[in-house]
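Participant: Give me a 3D structure for the following:
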Amino acid sequence: MLPLVDKPLIQYTVEEAVASGIEDIIVITGRGKRAIEDHFDRSVELEENLKGTGKSQVLHQIRQISNLANFCYVRQSEALGLGHAVLCAQHLIGDEPFAVILGDEIIDADVPGLAQLIHVYKKRQGAVLGVQEVPKADVSRYGIVTPKRLAHGLHRVEDLVEKPSPTDAPSTLAVIGRYVLPPEIFPILRKTAPGKNGEIQLTDALKTLAKKTPMYALEVEGQRHDAGDKLGFLIATVEFALKNPSLGAEFRDYLSTRMYPASTNRRG
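Facilitator: The predicted structure is shown next:
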């Protein structure tokens, strides 16, 4: 729910999903996160107040949020890893392919990042992981794929390594927070043993799936922001503020004064 300029982070990812054709969204939450549910729900009291004060534009924006998609919320009783979070939604997904989006990964792209993955899934009928090149020094922060190039920006995944050292990394293609997965991942996740900190890692299940069926890595086109990182969040804030139609021009002027302050005459 951390705001990025004028919207919480999760709303950016929800809007990306909706723009990619997703109609049903399952949000995996934990204790104390009711604010997420409230954000995407109607607030009759607020709407009536806005009506009374004549703020029709704000009222329209508020109503749009609750009409974005069909929302369902599942509580993860313990933070037992991304793989466990995905398992929490199995009873709602059933035997359908599905997408996974991490809420702190923001992708600014002309074609929504998730839509790019869905396009490949429909053509290839195999799991698709969103990836991007990262500096070799940063590979230890990500899951890294062992790729076999198929076409420009598209690779067959031969293996995955979770947070390797720079000397052991098979490539610099890092898995980012976008996945399109088949339902076959669920029985694999149920058999995946907990790893570090007792967490069930999605990467471990994907390694097994890649050995059984074709899996693909797509280099997502667009600017990715890791808003879960302090510096990444600050960079995302600046970039989105500059693009904001009502704030961008004034904010750009402000940044200019900070970067190139007016010279002053000093004695001494």
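
Participant: Show me which positions of stretch 140-154 end up buried.
Facilitator: Tyr142, Gly143, Ile144, Val145, Thr146, Pro147, Leu154 (16 or more other CB atoms under 10 Å). C-beta: built from backbone N, CA, C; applies to glycine.

Participant: Of those, which belong to strands?
Facilitator: Of the buried residues of stretch 140-154, the ones assigned to strands by DSSP state E are Gly143, Ile144, Val145, Thr146, Pro147, Leu154.

Participant: okay, among these, which ones form the most distant pair?
Facilitator: Gly143 and Leu154 (17.9 Å; CB to CB).

Participant: show me where the stretch 1-150 of the chain has strands.
Facilitator: For the stretch 1-150 of the chain, the strands defined by DSSP state E, counting those that start in this stretch occupy 3-4, 7-8, 24-29, 70-75, 98-101, 105-108, 127-133, 143-151.

Participant: Pick the most buried one from the ones you listed.
Facilitator: Comparing the strands of the stretch 1-150 of the chain by mean neighbour count (mean count of other CB atoms under 10 Å), strand 127-133 comes out on top with a mean of 24.

Participant: now the angle between strand 143-151 and that strand, please.
Facilitator: Between strand 127-133 and strand 143-151, the angle comes out at 100 degrees (axes from the mean of the first three to the mean of the last three CA atoms, to 10 degrees).

Participant: Would you list the strands that strand 127-133 pairs with, along with their directions?
Facilitator: strand 173-181 (antiparallel), strand 215-219 (parallel) (DSSP bridges).

Participant: CA-only coordinates of it, as CSV, when you get a sec.
Facilitator: Taking C-alpha atoms only, strand 127-133 is exported to CSV below (Å, rounded to 0.1, in the frame of the first residue of the first chain):
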residue,chain,number,x,y,z
ALA,A,127,5.3,-21.6,-18.5
VAL,A,128,6.8,-18.2,-19.1
LEU,A,129,9.0,-16.3,-16.8
GLY,A,130,9.6,-12.6,-17.1
VAL,A,131,13.4,-11.8,-17.1
GLN,A,132,15.7,-8.9,-17.6
GLU,A,133,19.4,-8.5,-17.8
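
Participant: Give me the residues contacting that strand.
Facilitator: When contacts are defined by CB atoms under 8 Å, 6 or more residues apart in numbering, strand 127-133 is touched by residues 113-114, 116-118, 120-121, 145, 155, 157, 172-182, 185, 206, 209-210, 213, 215-220, 224.

Participant: coming back round to it: ok, of the ones in strands among the buried residues of stretch 140-154, which one's closest to Leu9?
Facilitator: With CB to CB as the yardstick, the closest approach to Leu9 among these comes from Gly143, at 21.1 Å.

Participant: now the strands for the stretch 151-268 of the chain?
Facilitator: 154-162, 173-181, 215-219, 223-226.

Participant: can you redo the ones in strands among the buried residues of stretch 140-154 as TSV with distance to Ile36?
Facilitator: Below are these laid out as TSV (distance: CB to CB, whole Å):
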residue	distance to Ile36
Gly143	25
Ile144	31
Val145	31
Thr146	36
Pro147	35
Leu154	34
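
Participant: With distance to Ile235 and pLDDT as added columns, please give those residues in CSV.
Facilitator: Below are these laid out as CSV (distance: CB to CB, whole Å; pLDDT from 0 to 100):
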residue, distance to Ile235, pLDDT
Gly143, 22, 91
Ile144, 23, 94
Val145, 25, 95
Thr146, 29, 95
Pro147, 27, 95
Leu154, 28, 97
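
Participant: Can you tell me which of those residues lies closest to Tyr260?
Facilitator: After measuring these against Tyr260 - CB to CB - the closest member comes out as Ile144, at 40.2 Å.

Participant: For that closest one, which residues are in contact?
Facilitator: Contact analysis of Ile144 by CB under 8 Å, 6+ apart lists Leu160, Val161, Lys163, Pro164, Ala169, Pro170, Ser171, Thr172, Leu173, Ala174, Val175.

Participant: Who wins on neighbours among the residues you listed?
Facilitator: Among the contacts of Ile144, Leu160 has the most neighbours (other CB atoms under 10 Å), with 25 neighbours.
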